[in-house]
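> give me coordinates for this.
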Amino acid sequence: MRNFQILFLSVLIIPFAEIYLLIQVGGVIGAFPTILLVVFTAVLGAWLLRQQGFATFQRFQEGLARGEIPAYEMVEGPIILVGGALLLTPGFITDIIGFACLIPQLRRKIAQYVIEHYLVQAGGHFQQSKATENNVLEGEFHKED
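So this is what the prediction gives:
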């Protein structure tokens, strides 16, 4: 429940912070340059999303062709998607987080953290949910006519 509360507070707080920052930046550089800056980051974000998405998909296919499990690419895909969505959202805070998701070195570190802390146990085995472990029935069956 704690993760839901953090997400809920973020959804409430970030738009207010974005509006405040847009007003402050608009007061310093003017309204029209601020609008151009927001549109520029959206266009740049769409271009980076396309470029990084295709590069990750190509590495994904190459890994499959070599017979490897492309674990990093499978985790990087949603990170790229979130980064692109944040860059298309008007505001500077979301743009900073979005650019961080689309920079390959930072994205790789985020993917490594997710894989190590949420997907792989200390022994190097993928985690299975407890519900799956408890619902497994072992046995034999014989087909009778």
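> what's the weakest-modelled helix or strand in the chain?
One helix or strand of the chain scores below all others by mean pLDDT, DSSP states H and E: helix 130-134, with a mean of 53.
> now residue 68, what's its secondary structure?
What DSSP: H, G, I helix; E, B strand; the rest coil gives for residue 68 is coil.
> the top helix by length along the chain packs against which elements?
In terms of residue count, the longest helix belonging to the chain (DSSP state H) is helix 31-65. When contacts are defined as 3 or more Cβ pairs under 8 Å, 6 or more residues apart in numbering; DSSP states H and E, helix 31-65 sits against helix 2-29, helix 71-88, helix 92-102, helix 104-114. Using the backbone N, CA and C atoms, a C-beta is placed for each residue, glycine as well.
> hmm, 7 Å instead?
In terms of contacts (3 or more Cβ pairs under 7 Å, 6 or more residues apart in numbering; DSSP states H and E), helix 31-65 is packed against helix 2-29, helix 71-88, helix 92-102.
> in this structure residue 22 contacts residue 91, no?
Yes. Contact criterion Cβ atoms under 7 Å: residue 22 and residue 91 qualify, at 6.5 Å.
> what angle do the longest helix of the chain and helix 92-102 make?
Per axes from the mean of the first three to the mean of the last three Cα atoms, to 10 degrees, the angle that helix 31-65 makes with helix 92-102 is 20 degrees.
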